[in-house]
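Enquirer: Fold the following and give me the result.
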Amino acid sequence: RQERFRVAQLSREAAASLTGATFVVYSYKYVHDDGRISYPLCFIFSSPVGCKPEQQMMYAGSKNRLVQAAELTKVFEIRTTEDLTEEWLRERLAFFR
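Expert: Prediction:
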């Protein structure tokens with residue numbers, strides 16, 4: 001099955017569009033405290049409250065294989081799409097300094 005992919009800014013509008021279980025791979029321009037710039041590739045598994053249990057199981061079952069195959073190291077999960085903000089992502093990325 002083919003799906004359309006789109007580039008979106010990390011915004012409330014983009015987060016609100018995540019109504020079902022979704023994988024998001026997002027390259028983010030991260031400016032470190034010392035001025036260095038990096039572009040971490042972030043994997044975000046969105047499984048909103050109210051999502052169909054069958055869909056959650058399908059996505060959760062394939063998540064680890066996808067993360068391993070793509071060699072992703074910045075892996076996060078959200079249950080409330082309102083949490084998906086730039087501030088939320090920066091807080092999580094600060095852990096990897």
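Enquirer: Make sure residue 90 is indeed in a helix.
Expert: Yes. Counting by DSSP: H, G, I helix; E, B strand; the rest coil, residue 90 is part of a helix.
Enquirer: Isn't it up against residue 32?
Expert: No. Between residue 90 and residue 32 there is no contact under Cβ atoms under 8 Å: 10.8 Å. Where you see a C-beta, it was placed from the backbone N, CA and C, and this is true even at glycine.
Enquirer: what about the residue sitting furthest away from the middle of the chain, distance to residue 94?
Expert: What lies farthest from the middle of the chain is residue 34; by Cα atoms, centre = their mean that is 25.3 Å. Per Cβ to Cβ, to the nearest Å, residue 34 is found 13 Å from residue 94.
Enquirer: ok, now residue 60?
Expert: Residue 60 is 26 Å from residue 94, by Cβ to Cβ.
Enquirer: now residue 69
Expert: Remark: distance between residue 69 and residue 94 (Cβ to Cβ) = 27 Å.
Enquirer: low pLDDT regions in this protein?
Expert: 1-19, 97 (pLDDT under 70).
Enquirer: buried stuff in the longest helix anywhere in it?
Expert: Determined from DSSP state H, the single longest helix within the chain is helix 53-69. By 16 or more other Cβ atoms under 10 Å, the buried positions in helix 53-69 come out as 59, 63, 67.
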